[in-house]
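K.L.:
no FASTA, just this:
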């Protein structure tokens, strides 16, 4: 009989929870009702992005990348102001502001 330590039991339990939640999340991700509900107002961006992927696979890479780029910006149009607002406020975060000041002082373009 193999003896299992307490740490191994905790590791097996944690791994089991992780596998369960990954499978449950994948199941919910591919649920057609949730996909339709989440992407209904972003149908144009999704179709351009997936169409661009299909065009790239059909060996038209330049046109496909242009379509993918347009679809990407169309999909994440509402997220960009939030991301840029966060990046603008990073000077107020103590650790990041010190890191940015240190990096700003060490770079020389000579």
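P.N.:
Okay, I see it. What you see is a predicted model, and the numbers here were worked out from it, not measured in a lab. Numbering: from 1, shown residues only.
K.L.:
residue 46 and residue 57, how far apart?
P.N.:
In this structure, residue 46 and residue 57 are 17 Å apart, going by CB to CB, to the nearest Å. All C-beta spots, glycine's among them, are computed from the backbone N, C-alpha and C.
K.L.:
scratch that, residue 49 is what I was asking about
P.N.:
Residue 49 is 13 Å from residue 57, by CB to CB.
K.L.:
and these two? Which one has more around it.
P.N.:
residue 49 (20 against 10; other CB atoms under 10 Å).
K.L.:
my guess is the more buried one contacts residue 66, does it?
P.N.:
No - at 11.4 Å, residue 49 does not count as touching residue 66 under the criterion of CB atoms under 8 Å.
K.L.:
next secondary structure after the host helix or strand of residue 18?
P.N.:
Using DSSP states H and E, residue 18 maps to helix 6-29. Counting by DSSP H and E, the next helix or strand C-terminal to helix 6-29 is helix 32-39.
K.L.:
distance from that following helix to the middle of the chain?
P.N.:
18 Å (CA atoms, centre = their mean, to the nearest Å).
K.L.:
residues in contact with that helix?
P.N.:
Contact with helix 32-39 is made by 28-29, 46, as judged by CB atoms under 8 Å, 6 or more residues apart in numbering.
K.L.:
how about stretch 66-84?
P.N.:
With CB under 8 Å, 6+ apart, stretch 66-84 has contacts from 42, 44-53, 55-56.
K.L.:
can you list the buried residues in it?
P.N.:
Residues of stretch 66-84 classed as buried: 67-68, 70-71, 74-75 (neighbour count, 16 or more other CB atoms under 10 Å).
K.L.:
nothing else from me, thank you.
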